[in-house]
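Asker: Need coordinates for the following:
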Amino acid sequence: MNRFLSALRSSAALLAMGAAAAGFPVLAESLRLEYALTATLPEPAIATVLKNAIMGPLPDGSSLASLYAPAPRGVHLVEAAPQPVPVPIVSQAEAVALAAELPPVVPGADKASPAAAPAVAPATMPASAPTPVPAESTSIPSSSTASVPPPSAPQGGMAAADPPSAAAPMPPPVSNPTLAAAMAEVDRPTVPEPPVGATESLRDAIVAALKDNPDIQIALARQDDARYGVDEARAGYLPHLDLQAGWGRETVRNGSQARTGAFRTEATVTLSQNVWDFGVTINDIKRARASYRSAQWATRERIEGISYDITTAYLGVLGQQQLMALTEQEIAATKRILRIVTVQKELGLTTPADVGRAQTRLENVQSLLLDRRSQLEQARNAYRRLTNHLPARVVDLPPAGTTLPESADAAVSLMDTHSPRLAQAVQDRRSLDKQYDSQTGSVFFPRIGVMVQGNYREDVMGLTGRGNDARAMVTLSYKLFNGGADLAVRRRIGARLREADYELDRRRREVEQDIRIDYEALRAAREKIATIDAEIESATRVAELYRQQFREGRRTVFDLLDSQQLLFAAQANRVNNAIAMRAAEYRVLQKLGGLFDLVSGGEALPPLVVSAPGAED
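Answerer: Just a heads-up that it's a prediction; the model follows:
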């Protein structure tokens, strides 16, 4: 507010000098007088005086706004016919009294309060508001003796004066509640922050993400489909009971006999049992079981993939937290060095340049802290993208320990039975193999069974009355020829079986290669542990020795800062290596299907099936 009023005072002085130069002595004298008054008035009184000076009329009937306001392009305002009453220049005491009566301005008010009107009446306006009319130029009042071009907007934030149509008291700016609400909605965080001090449970986050993941629900639905397929195939071993009944009008004529019409009623009950089909049913059951196990392995593979993604994001947050803590420690250590250098400079033991070097290093580390904080927020947002919530305080995860095979060869020997990706391909190949065997038995061998049937008839083929019969038989059915369709189906299954063989070989190569690459990264990370620990120990001794030698004047501030930087760089390297080693261990466990069991502490996976969207409809 003080800057704005200073700008107003300066603008009033400039306007006064401009008026004097342009040949307006009355206006210049008035502005000089008002400027002198405003130099000692309080802020509300200054606002009142300047408002009356700018918006009120001059002694010749014109206004300052009409002289200096830029006119709209192509239009001019019609001059008001009545001459308004001049505005008197108030004294300092009157201005203070007027300012005391002014209520505070409330931002966003729609209407001007009646109590806000000043005691001195403003310039009177005609009853009808002026209407703009088209014109090529803007007319200048007749009292002007020279052409005065409209001035440019003054510096310091002072806006150009309003045209005469705006001579009425301006209402406060109207707020836009819709825009304010929209901006508040944008500023409001979409995902709430976790409670302070809470610990993030990785297992609960993974389970919640699995329930919300459409891919998991799709895999579970396919798994249920395959499970019900086993029941369908097993039904081939169970007896089948069928009922057929009918009633209707029948007309019969045998040779030269008269036509006979009657209502016919009949019913048939049939019980059939498969005795031997040369492996068709048993192979169908084995095929369905292999498909079900394949669906289970597919679900497990997806669970392990999501668990690894979330665990990796969790490790990213953990690593960034530790790096930011190291950077904060480095800032504290650099501040201690800066205090030491400052004291030595005051004692005349060093130069101001050394203090500047320490201050520069401190600023560099503070800039690094900002980068670390940004990387931490990026890691937290990556975790939120997978879990739909921001992580609370993360803690160190358990190491793989004995659950991890000792070598890559040991892990490769387990992949046929433990790798979800490879086991799924194995079961797919087994399912096709059993389907091929089932189709072979259906094409080349008969089906032997037992059938028990009972019939009830009334007035069948004429007025024959009621009749019942029953039979029990051993049946044999054989497909002699159906155009070669069964043989073509068998050949199609053979082609898919050949494809499954190559798919199994491809997946085995991919899984083995991934496992060996992960073990190589794990070996390198483990070998770097001893080197990094030795580097940290050596850097710690060097930093302490350089600090002592610097106090004795045998080391420069450059040596001291470099030793400190090397120490924290080695500690950051240890954090990054630990995260990389843990990630390599978890990748191996993911390939072998044991990651979720590790991060969940051996706790069983709860039911994950949820209702599909719109299932209630």
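Asker: So, low pLDDT: which residues of the stretch 301-450 of the chain?
Answerer: For the stretch 301-450 of the chain, no stretch has pLDDT under 70.
Asker: Now do the helices in the stretch 501-617 of the chain.
Answerer: 557-591, 595-599 (DSSP state H, counting those that start in this stretch).
Asker: and Ala495, what are its phi and psi?
Answerer: The phi/psi pair for Ala495 (degrees, to the nearest 10) reads phi -70, psi -40.
Asker: Number of residues surrounding it?
Answerer: 10 (other CB atoms under 10 Å). For the C-beta atoms, the positions are set from N, CA and C on the backbone; glycine is no exception.
Asker: now do the one 10 residues further on
Answerer: Other residues lying near Asp505 total 11 when counted by other CB under 10 Å.
Asker: measure it to Glu552 for me?
Answerer: For Asp505, the distance to Glu552 equals 71 Å [CB to CB, to the nearest Å].
Asker: Gln217 too?
Answerer: As for Gln217, its distance to Glu552 is 70 Å (criterion: CB to CB).
Asker: the more surrounded of the two?
Answerer: Gln217 (18 against 7).
Asker: returning to what we had before: kindly present the helices of the stretch 501-617 of the chain as TSV, with separate columns for mean pLDDT and mean neighbour count.
Answerer: Listed next are the helices of the stretch 501-617 of the chain as TSV, based on pLDDT from 0 to 100; neighbours: other CB atoms under 10 Å:
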stretch	mean pLDDT	mean neighbour count
helix 557-591	93	20
helix 595-599	89	21
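Asker: want to try CSV for those, with distance to Arg287 as columns?
Answerer: Output for the helices of the stretch 501-617 of the chain, formatted as CSV (distance: least, CB to CB, whole Å):
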stretch, distance to Arg287
helix 557-591, 28
helix 595-599, 29
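Asker: out of those helices, which comes closest to Arg227?
Answerer: Evaluated with CB to CB, those place helix 595-599 nearest to Arg227, the distance being 21.1 Å.
Asker: ok, Ala288 - contacts?
Answerer: Residues near Ala288 by CB atoms under 8 Å, 6 or more residues apart in numbering: 226, 229-230, 232-234, 431.
Asker: Look up how far Gly601 lies from the closest residue to Asp597 other than its chain neighbours.
Answerer: Spatial nearest neighbour of Asp597, excluding adjacent residues (CB to CB, 6 or more residues apart in numbering): Thr403 at 7.7 Å. Distance, Thr403 to Gly601, by CB to CB: 12 Å.
Asker: out of those two, which sits in the busier spot?
Answerer: Legend: neighbour count by other CB under 10 Å for Thr403 and Gly601, higher for Thr403 (16 against 9).
Asker: so what's that one up against?
Answerer: Counted by CB under 8 Å, 6+ apart, Thr403 has contacts 589, 594, 597-598.
Asker: Kindly reformat these as TSV containing distance to Val394.
Answerer: Below are these laid out as TSV (distance: CB to CB, whole Å):
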residue	distance to Val394
Leu589	19
Gly594	22
Asp597	20
Leu598	16
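Asker: tell me the two of the residues you listed that are most distant?
Answerer: Largest pairwise distance in the contacts of Thr403, by CB to CB, is 8.4 Å, between Leu589 and Asp597.
Asker: Strands of this protein, start to end?
Answerer: 75-77, 132-134, 240-252, 260-276, 447-458, 466-477 (DSSP state E).
Asker: For Leu397, find the nearest of these.
Answerer: Of these, nearest to Leu397 by CB to CB is strand 260-276, at 54.7 Å.
Asker: Give me the contacts around the closest one.
Answerer: Here strand 260-276 has contacts from 236-237, 239-253, 281, 447-460, 462-463, 474-475, using CB under 8 Å, 6+ apart.
Asker: now it and strand 466-477, what's the angle there?
Answerer: Angle of strand 260-276 versus strand 466-477, following axes from the mean of the first three to the mean of the last three CA atoms, to 10 degrees, is 30 degrees.
Asker: what about stretch 599-607, how long is it end to end?
Answerer: Stretch 599-607 has its terminal residues 18 Å apart, counting by CA to CA, to the nearest Å.
Asker: what's the burial count for the residue lying closest to Ala205 once chain neighbours are set aside?
Answerer: Nearest-residue entry for Ala205: Thr387, 4.7 Å, with adjacent residues in sequence omitted and distances by CB to CB, 6+ apart. Thr387 has 22 neighbouring residues, counting by other CB under 10 Å.
Asker: And Thr387, how close does it get to Gln513?
Answerer: From Thr387 to Gln513 the distance is 30 Å (CB to CB).
Asker: can you check Arg300 too?
Answerer: Counting by CB to CB, the gap from Arg300 to Gln513 is 21 Å.
Asker: The two: which is more packed in?
Answerer: Using other CB under 10 Å as the criterion, Arg300 and Gln513 rank with Arg300 on top: 20 against 11.
Asker: From Arg523, how far out is the residue lying closest to the more buried one once chain neighbours are set aside?
Answerer: Once flanking residues are discounted, Arg300 sits nearest to Pro420: 4.4 Å by CB to CB, 6+ apart. From Pro420 over to Arg523 the distance is 24 Å, taken as CB to CB.
Asker: Give me the more crowded residue out of the two.
Answerer: Set side by side, Pro420 and Arg523 show more neighbours around Pro420, with 23 against 14, by other CB under 10 Å.
Asker: can I see the domain layout of the chain?
Answerer: 2-130, 207-234+292-442+489-599 (automatic domain parsing).
Asker: of the contacts of Ala288, buried ones?
Answerer: 226, 229-230, 233, 431 (16 or more other CB atoms under 10 Å).
Asker: Looking at these, which one is closest to Phe568?
Answerer: Using CB to CB, these come closest to Phe568 at Ala226, 55.3 Å.
Asker: got a list of what that closest one touches?
Answerer: Here Ala226 is in contact with 288, 291-292, 294-295 (CB under 8 Å, 6+ apart).
Asker: Switch those over to a markdown table; also include distance to Val575 and pLDDT.
Answerer: As requested, the contacts of Ala226 are exported to a markdown table (distance: CB to CB, whole Å; pLDDT from 0 to 100):
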| residue | distance to Val575 | pLDDT |
| --- | --- | --- |
| Ala288 | 51 | 96 |
| Ser291 | 46 | 96 |
| Tyr292 | 45 | 97 |
| Ser294 | 41 | 96 |
| Ala295 | 41 | 96 |
